[in-house]
Structures are given as C-alpha cells and as structure tokens.
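J.: show me how the following folds:
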Amino acid sequence: RALKMHGGLALQDLDQPSAERVAAGMENLLHHVSIMRSFGLPVAVALNHFITDTLEETEAVINRCKAEDIPVEVADIWAQGGKGGEDLARRVVEMIETNEPKCQFLYDLNQPLREKIETVASKIYGANEVRYTTQAEREIARIERLRYDNLPICFAKTQNSLSDDPTRKGRPRDFHVTVRDLRISSGAGYLIVYAGEILTMFGLPNVPAAEAIDLTDDGQITGLF
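T.: The predicted model follows:
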C-alpha cells in the first residue's frame, strides 16, 4: 500500500490493484535500504502483506528486491498470525548469523550543530540545501550558548515523504528542507529539529479507531476491524 502511494496512487485508491504503481514506488524503498546500508548494517525487506495485495503486486516487490540483491520476505502476520512471519524470522536469524555488522554513525557528536543537521538532510533525505527560519536561528544560538549542541539530533517531519513536503512522493530530488524550530530534550539526551509542518503526537489518526467500536445489545463487540 505504501509503495502504491509513493508510486502515485491516491490514498483512497490504495485497495485497487496496481502492480505498475507498486513498481514505481519501489524507488522510495530502495532509498530507505541505501540509508540503512550506509550505517554498515545488513538489511532485509519485510513485505507486510494485506488481504487486498495481489500476487502481481507482491511479485513486483520481490522481483525488484532480488534484482537489487536485497533479501526480501513476505510477512503475512495479520492473516496467519505467527505462522505468517516464520519465513521472515528465519531470514533475520540467518542474516544475524552470517553477517558481522560494522556499524558506523552518520556524524560525530562534536560536529557543529548546523553541520549535523545538514548531514542528515543531505545524506538521509537527499536534500540539496537546508534553510533556517528566524526562529530556528534563535534556537540554534540558544542551544550553542547552553552547550547542548553536542547532543545527537532527531528530525521531526512528515512521514509521507523523504522531503519535508508531504505531497512529494517516491524519491524526491532537487529540493530543500526548511528547519523552522528546534527543541532541547535534555532528559532524553537529544535535540528535536522541526522540518516543515508536523504535529509531534505520534501514531494518532484524525479519526480515532475507537469511534468505530461499539457493543451490541447481546454483548458482541463490533468495529474492531
């Protein structure tokens, strides 16, 4: 479903079969794989299977992954429970036992704060440039004055795009990231970098699933799925 979205299919149409859109959206997945590999880590793709996924769509993912030499397994846990995840589990165990990870970090904590921000924006998201609002400039100065600039950074931005613009799907190119604010999370030990418009309340949809759940007169629960 996510690949179809990144391949240009509208959100309301994601249940419609389209192996062509899946194939187009693979550029997004391949970039994510390259990100993980840049840290020196072995990577496998877990294809989270939905009941609306067709065989052609599934094969589009598997065939492209194999062509790119990326381990891939279908995880049909929703329909089959634990049994649907056995192949993925075996693949992960195999990769752990046959690979010696050489983890490397993206930046040194003592690098200047702007340099860390621009490293993430360019090497992870693929941005050409980072722009700072006046508010962000003030916060950077305050963070440096308080000597918190040696903390790692955590970007807060849209999950719908590699850029900070949710409308730019797939593998965006030739774009800039706008840092609009920063916040110190001293207890957690990192700095939050706000890019674009984002609500930092994770995992909550506009309409909570609880609104669809009800109880019938005879005690049956409805609306769970």
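J.: helix, strand, or coil at the spatially most central residue of the chain?
T.: The central residue of the chain, meaning the one whose C-alpha is nearest the mean C-alpha position (C-alpha atoms, centre = their mean), is residue 159 at 6.1 Å. Taking DSSP: H, G, I helix; E, B strand; the rest coil as the rule, one finds residue 159 in the coil state.
J.: I'd say residue 74 and residue 87 touch.
T.: Yes. Between residue 74 and residue 87 a contact is recorded at 7.0 Å, counting by C-beta atoms under 8 Å. For the C-beta atoms, the positions are set from N, CA and C on the backbone; glycine is no exception.
J.: okay, the two: which has more neighbours?
T.: Shown here are residue 74 and residue 87; by other C-beta atoms under 10 Å, residue 74 has more neighbours (18 against 14).
J.: and the longest strand along the chain, average pLDDT?
T.: Among the elements of type strand in the chain, defined by DSSP state E, the one spanning the most residues is strand 176-185. Confidence over strand 176-185, taken as the mean pLDDT, stands at 96.
J.: direction included, what does it pair up with?
T.: Each strand that strand 176-185 pairs with, and the sense of that pairing, follows from DSSP bridges: strand 129-132 (parallel), strand 190-195 (antiparallel).
J.: show the pLDDT at the residue nearest to the centre of the chain.
T.: 90.
J.: next one: stretch 148-158 to chain centre, how far?
T.: 16 Å (C-alpha atoms, centre = their mean, to the nearest Å).
J.: pull out the buried residues from that stretch.
T.: Of the residues in stretch 148-158, those scored as buried under the neighbour-count criterion (16 or more other C-beta atoms under 10 Å) are 148, 149, 151, 153, 155, 156, 157, 158.
J.: for the closest residue to the last one other than its chain neighbours, which three-state class applies?
T.: With sequence-adjacent residues excluded and distances taken as C-beta to C-beta, 6 or more residues apart in numbering, residue 158 is closest to residue 166, at 4.2 Å. Classification of residue 166 using three-state DSSP returns coil.
J.: shift numbering so it begins at 470
T.: Done: numbering now begins at 470, and the last item shifts to residue 635.
J.: that older thread, show me the buried residues of stretch 617-627 that map onto helices.
T.: Among the buried residues of stretch 617-627, no residue falls in helices (DSSP state H).
J.: dump those to TSV, plus distance to residue 539.
T.: Putting those into TSV (distance: C-beta to C-beta, whole Å) gives the following:
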residue	distance to residue 539
617	38
618	37
620	33
622	28
624	25
625	28
626	25
627	25
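J.: select from the residues you listed every entry located in strands.
T.: Using DSSP E, the buried residues of stretch 617-627 in strands are 622, 624, 625.
J.: from residue 479, how far out is the closest residue to the second one other than its chain neighbours?
T.: Excluding its sequence neighbours, the residue lying closest to residue 624 (C-beta to C-beta, 6+ apart) is residue 662, at 5.0 Å. Taking C-beta to C-beta, to the nearest Å as the criterion, residue 662 is separated from residue 479 by 30 Å.
J.: got it, and residue 577?
T.: 43 Å.
J.: then residue 578?
T.: 42 Å.
J.: related to what we said a few turns ago, ok, the residue nearest to residue 624 - contacts?
T.: Contact partners of residue 662, counting by C-beta atoms under 8 Å, 6 or more residues apart in numbering, are 586, 589, 622, 623, 624, 625, 648, 651.
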